[in-house]
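Participant: Test case, fold it:
(chains A, B, C and D)
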Number of protein chains: 2
Amino acid sequence: MSYLMASDTTSIKCGECPIRHRAVCSKCEPNELTSLDSLKYYRTVEAGQTIVWCGDEMDFVASIVSGIATLSQTMEDGRTQMVGLLLPSDFVGRPGRAQAAYDVTATTDVTLCCFRKKPFEELMMRTPHIGQRLLEMTLDELDAAREWMLLLGRKTAREKIATLLAIIIRRDASLNLKADGGPLEFDLPLTREAMADYLGLTLETVSRQVSALKREGVIELRGKRHIIVHDMDRLLEETGDDSDGGILT
Amino acid sequence: MSYLMASDTTSIKCGECPIRHRAVCSKCEPNELTSLDSLKYYRTVEAGQTIVWCGDEMDFVASIVSGIATLSQTMEDGRTQMVGLLLPSDFVGRPGRAQAAYDVTATTDVTLCCFRKKPFEELMMRTPHIGQRLLEMTLDELDAAREWMLLLGRKTAREKIATLLAIIIRRDASLNLKADGGPLEFDLPLTREAMADYLGLTLETVSRQVSALKREGVIELRGKRHIIVHDMDRLLEETGDDSDGGILT
DNA sequence: GTATGGCATTGATCAGGATCAAACGGACAA
DNA sequence: TTGTCCGTTTGATCCTGATCAATGCCATAC
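Facilitator: Below you'll find the model as predicted:
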């Protein structure tokens, strides 16, 4: 259930990237890693910029090195739904597909470690491990999408907010390290609008529910983005998930 | 975008199964197909029965041969959300995972072509094509899940119903054959309750919206399940999707 | 025939979020 | 300092879909 941290232990760093590339792993031969290293180049994108638009030709795949990006879909009349949240070490793009299926947007400044697609695909053909790793990652993403579907279809606004906070805490590796200390503190990496797009709500409802959690003493706000969790157990209860359902375990 | 029919053209039948097993393909060596054939056994499940419960040990993977099954998640208080709809030739189960992550339920009588998991995984190791095929299929499912997220998060009840009908029509191969004839007719493979669980609605809302489409002459009902589409264009408009967005194209 | 049980439809009412609108607050620039 | 901009908060009201409840329909069993 801790879908995005699975098998991180066997992934490896490449070259000067400060992250683990989850698409390759310690089982790969050194010469495969070397050829991967020779393919890569970096790209930086400013907060708020769109990295690729839905329908664009995409001639690369990439790992997020730093920052946060989102995948989202927009209807003709402007309604938008986020369908993916990408944190450092997550993979962007799809081998075997020429056009982007979603808008990819940087919500903070983002650095990508890109691989040109054609050579990457060729490397993948020669290196079964990479394909297997990609299959594992895709299955994990599918699980995440299905948990997200439960949230979108059946949870109340209150439960949605609590779940989002729990997910952000769970996925931010730096937070898990100090999980047993005092009150948990972190900066929300998303605007209220982005949270709304994640949760299938309006930004007003998001704001009201965050205020309610604050009023009830579950969390404290410093500024608009910095959150201090005073009652993690209560927050987890509010998610509506099974208490033993994997979060933070 | 026609996510579940992709690459069907290269998939092959095995033995006496009347369906294509999308996990294997015409690129596979005959001896690989033979070993696959030697692994398989059949299992039938009655309508309404649960095939596996979330959390159960699963010692097999399978293709749906006939009938329709669903994947769903249930919260402690009974709210349930469908997260997958499985039609003939769809794949059930996950190599590399011991326990089922969702309830799998037969909504009609179902026949499965099962493969014991361990030998299937070993075959997969020896046969890169199968892993690649599985990756493609998983990516397609991920796309389907993300389209579903847009539906759950941002569409109105009316749009949800129209979209569900369009999806059923699109995915039922037998319907696409006669797509250019007169009015399209088919039997709904789901109860009103299952439709509600698919769409994140209550069954009453589903019933009301179906009645509304009937009242407006878009569809006609014979009995409770048999549907005749009188105005396909209108139905597609009501989905809220881009008119050119892939449905039936 | 009547009874039963499982779906489905329809109605009346309620409430959770959406919508529309105004005001707030901090960062930054002039 | 003041003004502007952007993201956010808060308020008032509306509306879609949920909830609760009754009835209908049809197949099967007695």
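
Participant: can you give me the strands in chain A?
Facilitator: Taking DSSP state E as the criterion, chain A contains strands spanning A:11-13, A:20-25, A:40-45, A:50-52, A:60-66, A:69-74, A:80-86, A:91-92, A:103-106, A:110-116, A:184-187, A:219-222, A:226-229.

Participant: Tell me the helices and strands packed up against the last one.
Facilitator: Read it as strand A:226-229. Helices and strands touching strand A:226-229, by 3 or more C-beta pairs under 8 Å, 6 or more residues apart in numbering or on different chains; DSSP states H and E, are helix A:157-171, strand A:184-187, strand A:219-222. All C-beta atoms are positioned from the backbone trio N, CA, C, and that covers glycine.

Participant: Pick the most deeply packed of those.
Facilitator: Highest mean neighbour count among the helices and strands packed on strand A:226-229 (mean count of other C-beta atoms under 10 Å in any protein chain shown): helix A:157-171, with a mean of 21.

Participant: anything in that helix near DNA strand C?
Facilitator: Yes. Applying C-beta under 7 Å from any atom of the strand, one finds that helix A:157-171 is in contact with DNA strand C at A:157-158.

Participant: Write out the residues of chain A neighbouring DNA strand D.
Facilitator: So chain A meets DNA strand D at A:48, A:191-193, A:203-204, A:206-208, A:210-211, A:221, A:224-225 (C-beta under 7 Å from any atom of the strand).

Participant: Now do the residue nearest the centre of chain A against A:T70, distance only.
Facilitator: With distances taken as C-alpha atoms, centre = their mean, A:L86 lies nearest the centre of chain A, 3.0 Å away. Look at A:L86 and A:T70: by C-beta to C-beta, to the nearest Å, they are 7 Å apart.

Participant: what is in contact with those two at once?
Facilitator: A:V104 (C-beta atoms under 8 Å, 6 or more residues apart in numbering or on different chains).

Participant: Contacts only, for the closest residue to A:G84 other than its chain neighbours.
Facilitator: Nearest residue to A:G84 in three dimensions, chain neighbours excluded: A:L71, at 3.2 Å (C-beta to C-beta, 6 or more residues apart in numbering or on different chains). For A:L71, the residues meeting the contact criterion (C-beta under 8 Å, 6+ apart) are A:82-86, A:102-104, B:146.

Participant: Please repeat the previous calculation with a cut-off of 10 Å.
Facilitator: A:L71 sits next to A:51-52, A:54, A:81-86, A:92, A:100-105, B:146 when contact means C-beta atoms under 10 Å, 6 or more residues apart in numbering or on different chains.

Participant: how near is it to A:A101?
Facilitator: Taking C-beta to C-beta, one finds A:L71 at 8 Å from A:A101.

Participant: Overlap of the contact sets of the two?
Facilitator: A:52, A:54, A:83, B:146.

Participant: Now which of those residues would you call buried?
Facilitator: With neighbours counted by 16 or more other C-beta atoms under 10 Å in any protein chain shown, the shared contacts of A:L71 and A:A101 contain buried members at A:52, A:83, B:146.

Participant: Would you agree the second one is in contact with A:Q73?
Facilitator: What that stands for is A:V83. Yes. Taking C-beta atoms under 10 Å as the definition, A:V83 is a contact partner of A:Q73 at 5.8 Å.

Participant: can you list the domains in chain A?
Facilitator: A:8-149, A:156-238 (automatic domain parsing).

Participant: Going by mean pLDDT, which of those comes out lowest?
Facilitator: Comparing mean pLDDT over those, the weakest stretch is domain A:8-149, at a mean of 86.

Participant: quick one: A:R234 and chain B, what's the gap?
Facilitator: 17 Å (C-beta to the nearest C-beta, to the nearest Å).

Participant: same deal with A:T163?
Facilitator: A:T163 is 11 Å from chain B, by C-beta to the nearest C-beta.

Participant: contacting residues for that residue?
Facilitator: Contacts of A:T163 (C-beta under 10 Å, 6+ apart): A:147-148, A:150-151, A:155, A:198-199, A:235-236, A:238-241, A:247.

Participant: if we go to 6 Å?
Facilitator: With contact set as C-beta atoms under 6 Å, 6 or more residues apart in numbering or on different chains, A:T163 has these partners: A:151, A:239.

Participant: tilt between the longest helix anywhere in chain A and helix A:157-171?
Facilitator: Ranked by number of residues, the top helix in chain A under DSSP state H is helix A:128-154. With axes from the mean of the first three to the mean of the last three C-alpha atoms, to 10 degrees defining the directions, helix A:128-154 sits at 160 degrees from helix A:157-171.

Participant: Go through helix A:128-154 and flag the buried ones.
Facilitator: A:129-154.

Participant: Contact residues of chain A facing chain B?
Facilitator: A:73, A:75, A:79, A:81, A:83, A:128, A:131, A:135, A:138-139, A:141-142, A:145-146, A:149-150, A:152-154, A:200, A:240 (C-beta under 6 Å from any C-beta of the partner chain).
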